[in-house]
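1. Sequence plus the predicted model coming up.
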Amino acid sequence: MNQMSTEGYTTADGRKIGGVMMEMKNITLRFGGVKAITDISFDIREGEIRAIIGPNGAGKSSMLNVISGFYVPQEGEVWFRGAKRPPMKPYQVAQQGIARTFQNIALFEGMSVLDNVMTGRLTHMKSGMLEQAIWKGKAEKEEVENREVVEKIIDFLEIQAIRKTPVARLPYGLKKRVELARALAAEPKLLLLDEPMAGMNVEEKEDMSRFILDVNDEFGTTIALIEHDMGVVMDLSDRVVVMDYGKKIGDGTPDEVRSNQAVIDAYLGVAHD
Amino acid sequence: MAQSSQATGGLVSIPALLQRNAQKFADKPAFRQKEFGIWQTWTWKDVQREVDNFALGLINLGVNEGDFVAIIGSNRPQLYWSMVAAQSVGAVPVPLYQDSAAEEMAYVLDHCGARFIIVEDQEQVDKVIEVQDRLHQFEHMIYLDPRGLRKYDHSRLHEFSHVQEQGHAARDEFTPELEKRRAKLDMSSTCVMLYTSGTTGKPKGVVLSNRNIIESAHNSSDFDKLGPDEEILAYLPMAWVGDFIFSVGQAYWAGFCVNCPESPETMVTDLREIGPTYYFAPPRVFETQLTNVMIRMEDASRMKKWLFDTFMAHARKVGPAILDGKPVGFMDRMKYKLGDLFVYGPLKNTLGFSRVRIGYTAGEAIGPEIFDFYRSLGINLKQLYGQTEATVFITMQPDGEVRSDTVGVPAPGVELKIGDNGEVYYRSPGVFEYYYKNPESTADTKDPEGWVATGDAGFIEEGSGHLRIIDRAKDVGKMADGSLFAPKYVENKLKFYPNILEAVVFGNGRDRCMAFINIDLSAVGNWAERNNIAYSSYQELAGHPKVLAQVQAHVEEVNRSIADDPMLSGCQIHRFLILHKELDADDGEMTRTRKVRRRIVEDKFHDLITALYDGSDKISTRTEVTYEDGRKGYISATLEIRDAKVQPVTTQKMAAE
């Protein structure tokens, strides 16, 4: 897969994958003396579902935080849509069209599902504080438009029944879905999912997988995800990056990764002689 | 024929009714559905346009007269229109239960030989694709929601709106054909085919003519004075005859508005927002709602609880009498008014019953406490008795003659008779035409004079003329000593306790009666929470000694009440157990309408029945369960069997003979 052309490729199920959207070049991230990520390079292409896997402490979440601008790597470059990205604040990254969910749910517990999802529209709201306060003209129009986008997402993720429910009252699996809704409300070009299925039962995982595929299919959103469930990763993703102790030890299609000896040794733990 | 078209003013088909409504009620709302958080409305004129466009699209796709068109999905306006569009082109709509597994669907689709299938979404498309190799006549599938279907092979798949667009584009070409076909429809043409869920055996296709539907809708609308201003919420399965009568038959006849919920899960919110004036729900729904109210009152503040208890006691005393228009003292009336302000009004609003003028329940017996609770709030809840073969209505309760233990007087146009074995027979304009491709069953059920056996045993009460149902005729049996065995009668008494969700009583041909119990997880779960009893599953809670003790107390109370009935005193329950799983339609233990399939339960749990009768106090068992997606698994459990106290039988047992 590494010898792919810049125009992209076509997947087995007939989806068109475009050119490189985001490229990580020789990223190294240190916390004091600890190297979380060592010299990692990989790319994410337009329209693909890209998974990052690895054992605990491999540096997956750190990698995601580098992409989302939360961490600034000491070495290496991040290229987004053909331009080198200078160090940025996370909100600036969000404005570029990158949205994320968190491993430990980070919603506003006391607010309703609807209000939580509306916060995802923040980057699309232009009206000032005064306009919002007197609720006239642009502010009102904006609210209606944003609500429409949000309602479509609520419909898409089938959470109509909990629209007005405070998030604190929801079970875990639904909170995860609300978080996905909020990320989608930003209408991102690139969606980062940090363990979207952690702690879910089989049925919830199936639902979430379906939603991830549908998001990719319907909105054409590029998705980068971290996940522990091997079955899920192998079924969902087009290409997989494997990390171990902060280093990249594999990169390719699920089949290539599955047969990569270094990956088997480090991660899948299948015995061999 | 000529007579009936006179009685219905020349309106001999549903499409004809639609045309009348589009003129008479043109801009009145006919359908609403909540979408993207907002109620969208279609007037009768809009509906006519939508139906016509879709009908033209169906002709364009090649639907012929006499074809069967299957419809699978939850209550969506477009699916209701599909049925009328199919009728307009001379085809027969066949609605299916949308929660059936692919296997069950395959049987029905193959049996009716559907050439066209109209479905709601990807879930249903996938199910049909799974079984399409077995459907020899299947040609095209039309779906409403395109989500997730983009990559599917579209050679036989069409989107609903595209079919409409193509139909509209070809209107000049096909309109004469559509009008010709529509004009051919008369009272004897088939209106709809509905598959009965069937407590035994394979489902049977009940063919109902326009006469059946229109006369039944006409009679029942007159009976309750349903007018064009009613609002109903269409939330029950479209494949069920009741929904067809309420949301199509009566709605088109009377011209009222059908509201479709946003999704099945939002039903409670939608009910509150719409505030229907005419409402139907099976007893189970009323039970669940009452249980929820009681649970929430337990957690309410003391002031609120006192208000609730005080005024509910008053409501129970005078509420039903006020509703029936009987004389009630001035002070009592004032106090009731006050209660309405503080308790009944807000409660009805929360339940979505503020505007209910007529409420019906049917399908199962309803507990007297539950029934009285709603009536005492001022909700005109009544009972009716019916079945698919009768186009719903056999008996109904007129206003002012409402009781929890009868099912009412014969509906207009219905004649009743009781057979020698106690079975109820009826004859009416609603009596079905025949079972599709099943002349033997048709002959078994309907005699040449048009009398239909209901399969239920009952009697007509002297004086009031009301019908009382005892049990399914085939379930009524004899105990070993010859006394009458009516399991449903006992089960219903058990089920009236909020803690008990389901009960199955055995004893036909035996010397004693035994019972399986299912606890109600929400009621018992709440009790457990308040009493600091930890549990992780239904199975664990069901096996808790304190739960067993509670259920035992209920069983013994039921025994005391049964002992008072000279005919049924032999049906007291000697031993019982609480099942380790809830009876479920996916496992075949219940029908899709949630009636217990006695034979299957008996078969599946025969080891438990043996243990009940052989006197052992514990039994280990392993049961296969089917998950919603069709996969199978097993659960194992050790169940405790308890003895219940029985009352000595005072009257002679031979009363039944």
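-> Yep, it's here. Residues are numbered from 1 along each chain as shown, chains lettered A, B, ... in the order given.
2. What residues are bridge-paired with the residue at minimal distance from the centre of chain A?
-> Centroid check for chain A by Cα atoms, centre = their mean gives A:L192 as the closest residue, at 1.1 Å. Beta-bridge partners of A:L192, counted by DSSP bridges, are A:R100, A:A224.
3. where does the chain have low pLDDT?
-> Unless you meant another one, I'm taking chain A. Low-confidence segments of chain A, defined by pLDDT under 70, span residues A:1-6, A:267-273.
4. you looked at the wrong chain, it should be chain B
-> Regions of chain B meeting the criterion pLDDT under 70 cover residues B:1-9, B:198-200, B:566, B:650-657.
5. Close to chain A: what parts of it are there?
-> For chain B, the contact set with chain A under Cβ under 8 Å from any Cβ of the partner chain comprises B:34-38, B:147-148, B:150-151, B:262-263, B:265-266, B:269, B:628-629. Every C-beta, even on glycine, is put in place using the N, C-alpha and C of the backbone.
6. A:P87 against A:P73, yeah?
-> No. Assessed by Cβ atoms under 8 Å, A:P87 is found out of contact with A:P73, at 9.1 Å.
7. who has more neighbours, the two?
-> Counted by other Cβ atoms under 10 Å in any protein chain shown, A:P87 and A:P73 do not tie: A:P73 has more neighbours, with 21 against 9.
8. contacting residues for that one?
-> A:P73 makes contact with A:27-29, A:37, A:66 under the criterion Cβ atoms under 8 Å, 6 or more residues apart in numbering or on different chains.
9. Greatest separation within those: which pair is it?
-> Maximum pairwise distance in the contacts of A:P73, criterion Cβ to Cβ, is 10.1 Å, between A:T28 and A:V66.
10. Can you work out which residues contact both of these two?
-> With Cβ under 8 Å, 6+ apart applied, the overlap between the contact sets of A:T28 and A:V66 consists of A:37, A:73.
11. higher neighbour count, those two?
-> Neighbour tally, A:T28 and A:V66, criterion other Cβ under 10 Å: the higher count belongs to A:V66, 21 against 15.
12. host element of that one?
-> Of the helices and strands defined by DSSP states H and E, A:V66 is found in helix A:60-67.
13. Three-state assignment for B:T288, please.
-> Assigned by DSSP: H, G, I helix; E, B strand; the rest coil, the conformation of B:T288 is helix.
14. now do A:D251
-> Remark: A:D251 carries the secondary structure label strand [criterion: three-state DSSP].
15. now it, nearest residue through space, not along the chain?
-> In space, and not counting its chain neighbours, A:D251 is closest to A:V241: 5.1 Å by Cβ to Cβ, 6 or more residues apart in numbering or on different chains.
16. near chain B, which residues of the stretch 1-150 of chain A?
-> Contact residues (Cβ under 8 Å from any Cβ) of the stretch 1-150 of chain A with chain B: A:13-15, A:147-148.
17. Buried among the residues you listed? Need that as a selection in PyMOL.
-> Selection command for PyMOL covering only the buried members of those, criterion 16 or more other Cβ atoms under 10 Å in any protein chain shown:
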select buried, chain A and resi 15+147
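18. List the strands paired with the helix or strand that comes right after the helix holding A:V66, with their directions.
-> Toward the C-terminus, helix A:60-67 is succeeded by strand A:75-80 as the next helix or strand (DSSP H and E). Strand pairing for strand A:75-80, using DSSP bridges, gives strand A:20-31 (antiparallel), strand A:83-84 (antiparallel).
19. Off-centre distance for strand A:75-80?
-> Taking Cα atoms, centre = their mean, to the nearest Å, the mean C-alpha location of strand A:75-80 is offset from the chain mean by 18 Å.
20. can you check stretch B:515-531 too?
-> Here the centre of mass of C-alpha atoms in stretch B:515-531, compared against the chain's by Cα atoms, centre = their mean, lies 24 Å away.
21. repeat for stretch B:546-557
-> From the chain centre to the centre of stretch B:546-557 is a distance of 29 Å (Cα atoms, centre = their mean).
22. cool, stretch A:252-259 as well?
-> From the chain centre to the centre of stretch A:252-259 is a distance of 21 Å (Cα atoms, centre = their mean).
23. What residues sit buried inside that stretch?
-> Judged by neighbour count using 16+ other Cβ under 10 Å, the buried positions of stretch A:252-259 are A:252, A:254, A:257-258.
24. Alongside chain B, which residues does the stretch 151-273 of chain A contribute?
-> A:151-152, A:154-156, A:158, A:160-161, A:163-164, A:203, A:206, A:210, A:213-214, A:217-218.
25. please redo it, this time with the cut-off set to 10 Å
-> Where proximity means Cβ under 10 Å from any Cβ of the partner chain, the interface of the stretch 151-273 of chain A facing chain B comprises A:151-156, A:158-164, A:202-203, A:206, A:210-211, A:213-214, A:217-218.
26. Check these for burial and list the buried ones.
-> A:151, A:153-156, A:159-163, A:211, A:213-214, A:217.
27. Just send the residues you listed back as TSV, with secondary structure too.
-> Converted to TSV, those look like this (three-state DSSP):
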residue	secondary structure
A:E151	helix
A:I153	helix
A:I154	helix
A:D155	helix
A:F156	helix
A:I159	coil
A:Q160	helix
A:A161	helix
A:I162	helix
A:R163	coil
A:F211	helix
A:L213	helix
A:D214	helix
A:D217	helix
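28. Next, count neighbours for A:D235.
-> 11.
29. who's in contact with it?
-> With Cβ atoms under 10 Å, 6 or more residues apart in numbering or on different chains as the criterion, the residues that contact A:D235 are A:209, A:213, A:229, A:254.
30. Between these, which sits nearest chain B?
-> Out of those, the one with the shortest distance to chain B is A:L213. That distance is 7.8 Å, counting by Cβ to the nearest Cβ.
31. Quick check, the closest one in contact with A:I49.
-> Yes. Look at A:L213 against A:I49 with Cβ atoms under 10 Å: they come within range, at 7.9 Å.
32. Mutual contacts of those two, please.
-> A:223, A:236.
33. how does chain A divide into domains?
-> A:9-97+A:188-268, A:110-172 (automatic domain parsing).
34. can you count the residues close to the residue lying closest to B:K382 once chain neighbours are set aside?
-> Excluding its sequence neighbours, the residue lying closest to B:K382 (Cβ to Cβ, 6+ apart) is B:Q397, at 4.2 Å. Summarising burial for B:Q397: neighbours were counted as other Cβ under 10 Å, giving 20.
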